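# attaching a predicted model along with its sequence, questions to come.
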Amino acid sequence: MNGKVLSTVGGVCRVYSEGITYNVIPRGIFRHENKNIVAGDNVIFDDEEMVIHAVLDRKNHLIRPRSANIDLMLITMSVVEPELSQELLYKFLTYVNLNGIPSAVLFTKLDRLNDFTELDALTKDLEKLGIKVFRLSPEKTEVIEELQAFLSEKTTIIMGQTGVGKSSAINLIDPQFDRKIGEYSKALGRGKHQTKEVILLPYKNGFIGDTPGFSSLELEIYKEDLAQYFPGYSNHYLQCYFSNCLHQNEKQCKIKEEIEKGNLSKEGYEVYIKLLNSLEYKQERYKK
Ligand SMILES: Nc1nc2c(ncn2[C@@H]2O[C@H](COP(=O)(O)OP(=O)(O)OP(=O)(O)O)[C@@H](O)[C@H]2O)c(=O)[nH]1
Ligand SMILES: [Mg+2]
Ligand SMILES: [Zn+2]
């Protein structure tokens, strides 16, 4: 039978097929080959022996959150507790973009925000890049309905820091999921890692993936990758005069032109420069 891996916990995979969930174990060969099965994998399994025989080719996969065959990454950021970090958001977007996965952004806890200046500007910047933005809080029924429609027939993974409200958002989309909600610790300055593993929830002919939150993300990439995959830059960097342009002070830089024209965000560029300074050149790596 064909099935979709919903989660893998302690060597047991929960596999979903035509409305039924099976607990199955991977054949020993996978362990020998060091092949890990992750949530989102499409597998062929035997529903009598309860064994997975094969893992089908993946169209994409991510190390964090560990998942495969993703149609949409819903990058979730709260606007308070934890407070909105444009740097982290742009990092997430770069990481997802680099892995060839489409993304949308979900802002949460709108009910607790007093000053909308930064959020409104950021929302505009993202929408200019063609990134779909949702601004959620529990009473925003029209946003919840929009999300319900948007997530149907897709495998969507929800990623973001701990405590931003990923599991809460899933409960708003469908209360029957009844995901456990953590609390935000003022003392720790973060959530308490309520969700412990990636789990896909069958939803409207697709799946919604709840994931454990993390506090930060190391972008283990080179400057050249950032110059190419930073949100909004992929469409323009080929038109820079130098093929290895890092969009700093090089002549005829298309990215800087687009910023001047107002098509790319100045605030985004400031984050870009900050991230650029924290990364290494590929050439420098090769010398080692
Ligand atoms: N006021 C308000 N609080 C929210 C909202 N969304 C989530 N929260 C609160 O934020 C806290 C964390 O919510 P969770 O849904 O557990 O966060 P999470 O992202 O799943 O966290 P991890 O599972 O640890 O990664 C809880 O106290 C929620 O009640 C919101 O829209 N408004
Ligand atoms: Mg959670
Ligand atoms: Zn350039």
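Structure's in. What do you need? Ligands and ions are numbered 1, 2, ... in the order given.
# now the helices: where do they sit in the stretch 151-288 of the chain?
Using DSSP state H, counting those that start in this stretch, the helices of the stretch 151-288 of the chain run over 166-173, 223-229, 254-260, 266-278, 282-287.
# and those helices, which is most packed in?
Most buried of these by mean neighbour count (mean count of other Cβ atoms under 10 Å) is helix 166-173; its value is a mean of 23. Quick note: C-beta positions are derived from backbone N, CA and C, even for glycine.
# how about the helices of the stretch 151-288 of the chain in JSON lines, adding mean pLDDT and distance to Asp120?
Conversion of the helices of the stretch 151-288 of the chain to JSON lines gives the following (pLDDT from 0 to 100; distance: least, Cβ to Cβ, whole Å):
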{"stretch": "helix 166-173", "mean pLDDT": "98", "distance to Asp120": "21"}
{"stretch": "helix 223-229", "mean pLDDT": "95", "distance to Asp120": "26"}
{"stretch": "helix 254-260", "mean pLDDT": "97", "distance to Asp120": "19"}
{"stretch": "helix 266-278", "mean pLDDT": "96", "distance to Asp120": "12"}
{"stretch": "helix 282-287", "mean pLDDT": "50", "distance to Asp120": "38"}
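# now the strands: where do they sit in the stretch 151-288 of the chain?
Counting by DSSP state E, counting those that start in this stretch, the stretch 151-288 of the chain forms strands over residues 155-160, 184-185, 190-191, 199-203, 206-210, given from the N-terminal end onward.
# so which of the helices of the stretch 151-288 of the chain gets nearest Ser85?
Ser85 lies closest, by Cβ to Cβ, to one member of the helices of the stretch 151-288 of the chain: helix 266-278, at 9.5 Å.
# what's the closest non-adjacent residue to Ile273?
The shortest distance from Ile273 to any residue that is not its chain neighbour, by Cβ to Cβ, 6 or more residues apart in numbering, is 7.5 Å, and that residue is Gln248.
# re earlier: now tabulate the helices of the stretch 151-288 of the chain in a markdown table and tack on distance to ligand 1.
Supplementary listing: those in a markdown table, determined by distance: least, Cβ to the nearest ligand atom, whole Å:
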| stretch | distance to ligand 1 |
| --- | --- |
| helix 166-173 | 3 |
| helix 223-229 | 25 |
| helix 254-260 | 33 |
| helix 266-278 | 22 |
| helix 282-287 | 33 |
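# got JSON lines for these, with distance to Ser85 too?
Output for these, formatted as JSON lines (distance: least, Cβ to Cβ, whole Å):
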{"stretch": "helix 166-173", "distance to Ser85": "16"}
{"stretch": "helix 223-229", "distance to Ser85": "17"}
{"stretch": "helix 254-260", "distance to Ser85": "21"}
{"stretch": "helix 266-278", "distance to Ser85": "9"}
{"stretch": "helix 282-287", "distance to Ser85": "27"}
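# closest to ligand 3 out of those helices?
The closest approach between ligand 3 and any of those, judged by Cβ to the ion, belongs to helix 254-260 at 4.4 Å.
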